[in-house]
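J.: Can you look at this prediction? I've put the sequence above it.
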Amino acid sequence: MAAITMRLPVARKAVVPSAPRGGEKHLVAPGDTITTDTGYMRGHGTYVEEEKLIASVAGAVERVNKLVCVKALKTRYNGEVGDIVVGRITEVQQKRWKVETNSRLDSVLLLSSMNLPGGELRRRSAEDELAMRDYLQEGDLISAEVQSVFSDGAVSLHTRSLKYGKLGQGVLVQVSPSLVKRQKTHFHDLPCGASVILGNNGFIWIYPTPEQKDEEAGGFTTNSEPVPLSDREVISRLRNCIVALVTQQLMLFDTSILYCYEASLPHQIKDILKPEVMEEIVLETRQRLLDLEG
Amino acid sequence: EDLRVDGRGCEDYRCAEVETDVVSNTSGSARVKLGHTDILVGVKAEMGTPKLEKPDEGYLEFFVDCSANATPEFEGRGGEELGTEIANTLYRVFSSESSVDLKSLCINPREHCWVLYVDVLLLECGGNLLDVISIAVKAALFNTRIPKVRVLEDEEGSKEIELSDDPYDCIRLNVDDVPCIVTLSKIGYRHVVDATLQEEACSLASLLISVTSKGALTSMKKVGKGSLDPESIFEMMETGKKVGKSLHIALQKILDEEESLGTSRQKVGFLG
């Protein structure tokens, strides 16, 4: 039975800001003066002109002692060493792969930074170079960690642990990098039955929790068995919850996704994308998160 | 197992928002938003001469503009090819005699008739363009108000056309038989309706059918570089007819609801 809902548009209501913690947020647009006090050091997103500190991006001002920086609301991913990213292979070059990670330049995954299957540690030979395409092809998704950042801002990745590598069956959600909260670990196994990788670059990967945990082969073997319907429903629901959190500009971390999932259980999966249902579950999630903080 | 990535079934549409009369200097306009796809249609009625082979009918002219706001690929002249392709599909869909009552658009046979210029503007591309365009065209035609004209005969026999002064004195078009396009994309062994951009990237072949509210097929087109089995074409046609009928019912309901609100309706427009 086809379900087609049409509605008349409703003017957006101004969102009532939740009780500000730590004072009001100072929002700026590019070109706004942040301060005329010369005692401050300028951080990311600012520049000095005629002794005034001016913002170069649109976002909130963050002040740490004497450092002033502007955290943009929607940007491309800026690499930091130690971040977890989820990326897609765009090119296979001589000794490296080019990976697309939603940043200004394509990231680089060197052959020497890649785990060989079986976890051997040896010098990469010419045969390894020729066999690069057997490991990773154009269009594959990988999870990796940022090893270093080049001077032009390009990011160098490595997959030197068994938990990184090629990703198998799952769903990718692309969000703005500023909405992914920095945490100790970005690999989460949610109790609802799916696992999620929150890439710092805004790529979120949702996949069914693998049963055996000890069968890590360096992450190159992909499981192509059909995923059972119950797992797929959980994954679809999580994906819709993440999209709902993103439209309402809530930070994404494992607790917020889990609370949103639980709040959405009474609704059907496809109803979560309706504007009024979205508002309702995100409001409930926000309330629970505020209660959690005390 | 009827489950897509966003939880919809194979025959479910995303939630649509329809608003008519958004552009004030047109005879009729409509804006339809379906997920991330945003289409604006404006209809302008102008006086022209009828075509030679159909002297007692008016006609429709379609023009599709792919705005560069929609996707970066439409920058400059990138959107022209897609625009002409969509316009040709619209011509084909509306080529059937019964879709719009063209005889009502005639003023003086062989001399004057109403020409409806239908302009489609793609504001955002989120998959499933043609379905949304056809819904918006139907809504805009429903909203079109063509001023009533009187033909006065002079003593010498030359005809003068007089437009009525009352802005509310106009004729409306009957859109009961205007067809809507349903795109069925084949993914794997199943076919889905209302594909998102990711689903469109996965589907090799699609079938475009235009269905009227009574379930009659007016045109059919296969797009894509993949192939379709004749049996699956039959299945897709049946699904398309079923989905098309419910689409028309839902659209008519919302248009009637909007009409019944009358002048008390709060116009949301583009800045709402």
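T.: Yes, it's here.
J.: Can you spell out which helices and strands pack onto the longest helix along chain B?
T.: Counting residues, the longest helix found in chain B (DSSP state H) is helix B:230-261. The contact analysis (3 or more CB pairs under 8 Å, 6 or more residues apart in numbering or on different chains; DSSP states H and E) places helix B:230-261 against strand A:6-7, strand B:16-20, helix B:129-143, strand B:180-187, strand B:190-193, strand B:205-211, strand B:217-223. Where C-beta positions appear, they are placed from N, C-alpha and C, glycine not excepted.
J.: And the worst-scoring helix or strand of chain B on mean pLDDT, what's buried?
T.: Ranking every helix and strand in chain B by mean pLDDT, DSSP states H and E puts strand B:159-163 at the bottom, with a mean of 76. Buried residues in strand B:159-163, counted by 16 or more other CB atoms under 10 Å in any protein chain shown: none are found.
J.: Only alpha carbons, please: show it as PDB.
T.: Output of strand B:159-163 as PDB, limited to C-alpha atoms (Å, rounded to 0.1, in the frame of the first residue of the first chain):
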ATOM      1  CA  LYS B 159     -12.100  42.400 -33.800                       C
ATOM      2  CA  GLU B 160     -11.100  44.000 -30.600                       C
ATOM      3  CA  ILE B 161     -10.300  42.100 -27.500                       C
ATOM      4  CA  GLU B 162     -11.400  43.500 -24.200                       C
ATOM      5  CA  LEU B 163     -10.000  42.400 -20.900                       C
END
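J.: Can you add mean pLDDT and give the helices and strands packed on helix B:230-261 back as CSV?
T.: Output for these, formatted as CSV (pLDDT from 0 to 100):
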stretch, mean pLDDT
strand A:6-7, 81
strand B:16-20, 90
helix B:129-143, 92
strand B:180-187, 92
strand B:190-193, 90
strand B:205-211, 92
strand B:217-223, 90
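J.: and B:Lys253, which of those is closest to it?
T.: Evaluated with CB to CB, the helices and strands packed on helix B:230-261 place strand A:6-7 nearest to B:Lys253, the distance being 7.4 Å.
J.: Can the closest one be said to contact chain B?
T.: Yes - under the criterion of CB under 8 Å from any CB of the partner chain, strand A:6-7 makes contact with chain B via A:6-7.
J.: Run through who's touching the helix or strand containing A:Leu245.
T.: Assigned by DSSP states H and E, A:Leu245 falls within helix A:229-247. Contact partners of helix A:229-247, identified using CB atoms under 8 Å, 6 or more residues apart in numbering or on different chains, comprise A:170-171, A:173, A:175-176, A:179, A:190, A:192-194, A:196, A:204, A:206-208, A:227, A:252, A:256-257, A:260-261, A:264, A:269-270, A:272-273, A:278, A:281-282, A:285, B:1, B:3-7.
J.: again, but for stretch B:101-118
T.: Here stretch B:101-118 makes contact (CB under 8 Å, 6+ apart) with B:27, B:41-50, B:54-63, B:90, B:137, B:140-141, B:144, B:146, B:149, B:151, B:159, B:161, B:171, B:173-174.
J.: buried residues in it?
T.: Within stretch B:101-118, the residues that count as buried by 16+ other CB under 10 Å are B:102, B:105-107, B:112-118.
J.: any idea of the mean pLDDT in it?
T.: Here stretch B:101-118 scores 86 as its mean pLDDT.
J.: returning to what we had before: if you look at the contacts of stretch B:101-118, which of them are in helices?
T.: Members of these lying in helices (criterion: DSSP H): B:90, B:137, B:140-141.
J.: residue of chain B with the smallest distance to chain A?
T.: When distances are taken as CB to the nearest CB, chain B reaches nearest to chain A at B:Gly7, 2.9 Å away.
J.: and that residue, how many neighbours does it have?
T.: For B:Gly7, the count of nearby residues is 21 (other CB atoms under 10 Å in any protein chain shown).
J.: same thing with A:Val282?
T.: When neighbours are counted by other CB under 10 Å, A:Val282 registers 23.
J.: picking up where we left off before, among the ones in helices among the contacts of stretch B:101-118, find me the one that's closest to A:Val28.
T.: Using CB to CB, B:Ala140 is the member of the ones in helices among the contacts of stretch B:101-118 that sits closest to A:Val28, with 41.1 Å.
J.: can you count the residues close to that closest one?
T.: B:Ala140: 31 neighbours (other CB under 10 Å).
J.: Also B:Arg265?
T.: The number of residues packed near B:Arg265 is 15, by other CB under 10 Å.
J.: now B:Tyr91
T.: Counted with other CB under 10 Å, residues neighbouring B:Tyr91 total 13.
J.: Distance of it relative to B:Thr84?
T.: From B:Tyr91 across to B:Thr84, the span is 10 Å (CB to CB, to the nearest Å).
J.: Please apply the same query to A:Arg42.
T.: For A:Arg42, the distance to B:Thr84 (CB to CB) stands at 51 Å.
J.: and the lowest-mean-pLDDT helix or strand in chain A, how far from the chain's centre?
T.: Across the helices and strands of chain A, mean confidence by mean pLDDT, DSSP H and E is lowest for helix A:126-130: a mean of 77. Put simply, helix A:126-130 sits 33 Å off its chain's centre (CA atoms, centre = their mean, to the nearest Å).
J.: swap in stretch B:205-225?
T.: Remark: stretch B:205-225 is offset 14 Å from the chain centroid, using CA atoms, centre = their mean.
J.: residues in contact with that stretch?
T.: Residues external to stretch B:205-225 that are found in contact with it (CB under 8 Å, 6+ apart): B:89, B:92-93, B:95-96, B:98-99, B:130, B:134, B:176-186, B:191, B:195, B:200, B:203-204, B:226-228, B:233, B:236-237, B:240-241, B:244-245, B:247-249, B:252.
J.: Just the buried subset of those, please.
T.: The neighbour-count criterion (16+ other CB under 10 Å) marks B:89, B:93, B:96, B:99, B:130, B:134, B:177-186, B:191, B:195, B:200, B:203, B:228, B:233, B:236-237, B:240-241, B:244-245, B:247-248, B:252 among the contacts of stretch B:205-225 as buried.
J.: Could you give the number of residues near residue 65?
T.: Since you didn't name a chain, this refers to chain A. A count of neighbours around A:Asn65, defined by other CB under 10 Å, yields 7.
J.: Chain B was what I was after
T.: B:Asp65: 18 neighbours (other CB under 10 Å).
J.: Same question for A:Pro266.
T.: A:Pro266: 10 surrounding residues under other CB under 10 Å.
J.: Ok, A:Leu229 next?
T.: So A:Leu229, with other CB under 10 Å, has 11 neighbours.
J.: Give the residue spans of the stretch 101-250 of chain A that score low on pLDDT.
T.: For the stretch 101-250 of chain A, the stretches flagged by pLDDT under 70 are A:117-121, A:212-222.
J.: Would you tell me which residues of it are close to chain B?
T.: A:171, A:229, A:232-233, A:236-237, A:239-240, A:243.
J.: hang on, A:Thr33 packs against A:Leu53?
T.: Yes - using CB atoms under 8 Å as the test, A:Thr33 is close enough to A:Leu53 to be in contact (7.0 Å).
J.: what about the helix holding A:Leu245, distance to the chain center?
T.: The answer for helix A:229-247 is 15 Å, by CA atoms, centre = their mean.
J.: Which strands or helices does the least confident helix or strand of chain B pack on?
T.: For strand B:159-163, the contact count by 3+ CB pairs under 8 Å, 6+ apart identifies strand B:106-108, strand B:149-153 as packing neighbours.
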